[in-house]
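Trainee: How does the following fold in three dimensions:
(4 chains)
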Protein chains: 2
Amino acid sequence: MKGADMLNLENQLCFPLYAASRLTSQLYAPLLKELDITYPQYLVLLVLWQKGNQTVSEISKQLYLDSGTLTPLLKRIEEKGLVHRTRSKADERIVSIGVTAEGTQLKEKALCIPMQLITSFKEGGNLTMEEVVAFKKTLDKMVGTLARAV
Amino acid sequence: MKGADMLNLENQLCFPLYAASRLTSQLYAPLLKELDITYPQYLVLLVLWQKGNQTVSEISKQLYLDSGTLTPLLKRIEEKGLVHRTRSKADERIVSIGVTAEGTQLKEKALCIPMQLITSFKEGGNLTMEEVVAFKKTLDKMVGTLARAV
DNA sequence: TAAATTTATATTGTACACAATATAATTGTA
DNA sequence: TACAATTATATTGTGTACAATATAAATTTA
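Mentor: Residues are numbered from 1 along each chain as shown, chains lettered A, B, ... in the order given. Now for the predicted structure:
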């Protein structure tokens, strides 16, 4: 490949990642609208449902989001009554986040989301299961590499 | 996999796409800072460098971005002197975008970016070339599927 | 222990994303 | 040819992202 060809859109690796990420968010949007949450808010709830109470920086490490993104997002879902934010007594710098009863209830409504996603994904029809499994394996390695690099 | 396990972060396909997309943007950031442009602005310039003058909706189709994102972005890079925006005489609804002389010059500075990205990517060291090639092939198919689905 | 450093979160400012709506030009149609 | 429908772009409003900076608490060090 010549130098200039490397600037062609179809030869980029990062552009399809960017496109796929935004397009999947749009695929989630109507399902998440039923729960009245956004995709990043859903990710935060996934962490809390799975791990229980987490500090802001624990959430930050798992989602690769900084406090500049998380603080206002967490305030918004606190406002909605889905989580509580509590400053630690032992160390007042730390803010612990946990789901409320309402936040726990929302998990029941979220249970059907992964399956619906997979279904509407399969409808496209041109991806085999093996292909997707290999893809996810590489993708996970790539995220690990990137997280160490940036 | 049980229903609840499907809500675990490590079982998500969309989360690593989202993470990889943002982390690669962050990997680009210092290189693009030298050109004084952002990653989405870089993508628009890639299209214009490759295809020449394009209407807003032609750019929109290739990048999967709507006018709500493109119009202000295009105004900003017009402000920087990198592109011109011209309303078509034949059909006044259409706005044609093209790079200026300064925008063309910027391509020379951009030529080294893909190679630098690949290098800093390889430094991570845990991905083979074959793996990345297969990955990109699946990713491109996936983007096609998603673009049709949303 | 007082001062310097580090750590955890918050704030500010800029630039996307995107849904929803608006506007204006063009095309299709009765 | 009026007039309804469509098309292309722009605007508005909300919610991320993220760099840079601020703040305050905890820890380290002189």
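Trainee: ok, then the element right after the least confident helix or strand in chain A by mean pLDDT?
Mentor: Between all helices and strands in chain A, the lowest mean by mean pLDDT, DSSP states H and E belongs to helix A:113-122, at a mean of 87. Next helix or strand after helix A:113-122 toward the C-terminus (DSSP states H and E): helix A:129-149.
Trainee: Any residue of that next one touching DNA strand D?
Mentor: No. Helix A:129-149 stays clear of DNA strand D (Cβ under 7 Å from any atom of the strand), getting no nearer than 10.6 Å. No exception for glycine: its C-beta is placed from N, CA and C like everyone else's.
Trainee: Show the residue spans covered by the strands in chain A.
Mentor: Taking DSSP state E to define them, one finds strands in chain A at A:54-55, A:83-87, A:95-99.
Trainee: what's near enough to touch A:Leu139?
Mentor: Neighbouring residues of A:Leu139 by Cβ atoms under 8 Å, 6 or more residues apart in numbering or on different chains: B:Leu13, B:Pro16, B:Leu17, B:Ala20, B:Phe135.
Trainee: ok, A:Ser96 - contacts?
Mentor: A:Asn53, A:Gln54, A:Thr55, A:Arg85, A:Thr86, A:Arg87, A:Ser88.
Trainee: Would you mind giving me the ChimeraX syntax to select the buried ones in those residues?
Mentor: One line in ChimeraX is enough to select the buried members of the contacts of A:Ser96, burial here meaning 16 or more other Cβ atoms under 10 Å in any protein chain shown:
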select /A:54
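Trainee: picking that back up, in JSON lines, list the contacts of A:Leu139 along with distance to B:Leu45 and neighbour count.
Mentor: Shown next, in JSON lines, are the contacts of A:Leu139 (distance: Cβ to Cβ, whole Å; neighbours: other Cβ atoms under 10 Å in any protein chain shown):
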{"residue": "B:Leu13", "distance to B:Leu45": "30", "neighbour count": "19"}
{"residue": "B:Pro16", "distance to B:Leu45": "28", "neighbour count": "24"}
{"residue": "B:Leu17", "distance to B:Leu45": "24", "neighbour count": "27"}
{"residue": "B:Ala20", "distance to B:Leu45": "22", "neighbour count": "25"}
{"residue": "B:Phe135", "distance to B:Leu45": "25", "neighbour count": "21"}
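Trainee: returning to what we had before: let me have the strands of chain A in JSON lines, extended by mean pLDDT.
Mentor: Below are these laid out as JSON lines (pLDDT from 0 to 100):
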{"stretch": "strand A:54-55", "mean pLDDT": "98"}
{"stretch": "strand A:83-87", "mean pLDDT": "97"}
{"stretch": "strand A:95-99", "mean pLDDT": "98"}
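Trainee: Quick one, which of the ones you listed gets closest to B:Leu27.
Mentor: Among these, strand A:54-55 comes nearest to B:Leu27, with 26.6 Å by Cβ to Cβ.
Trainee: wait, does that closest one contact DNA strand C?
Mentor: Yes. Applying Cβ under 7 Å from any atom of the strand, one finds strand A:54-55 in contact with DNA strand C at A:Thr55.
Trainee: Chain A against DNA strand C: which residues are in contact?
Mentor: Checking chain A against DNA strand C by Cβ under 7 Å from any atom of the strand, the hits are A:18, A:22-23, A:25-26, A:29, A:55-57, A:60, A:66-68, A:70-72, A:74, A:85, A:91, A:93-96.
Trainee: So which of the strands of chain A is nearest B:Glu108?
Mentor: strand A:54-55 (46.9 Å).
Trainee: partner strands of that closest one, parallel or antiparallel?
Mentor: strand A:95-99 (antiparallel) (DSSP bridges).
Trainee: How about the partner strand, which residues are buried there?
Mentor: Buried residues in strand A:95-99 (16+ other Cβ under 10 Å): A:Val95, A:Ile97, A:Val99.
Trainee: for chain A, what are the low-confidence residue spans?
Mentor: Counting by pLDDT under 70, chain A shows low-confidence ranges at A:2.
Trainee: The same query, at a cut-off of 80, please.
Mentor: A:1-4, A:121-125 (pLDDT under 80).
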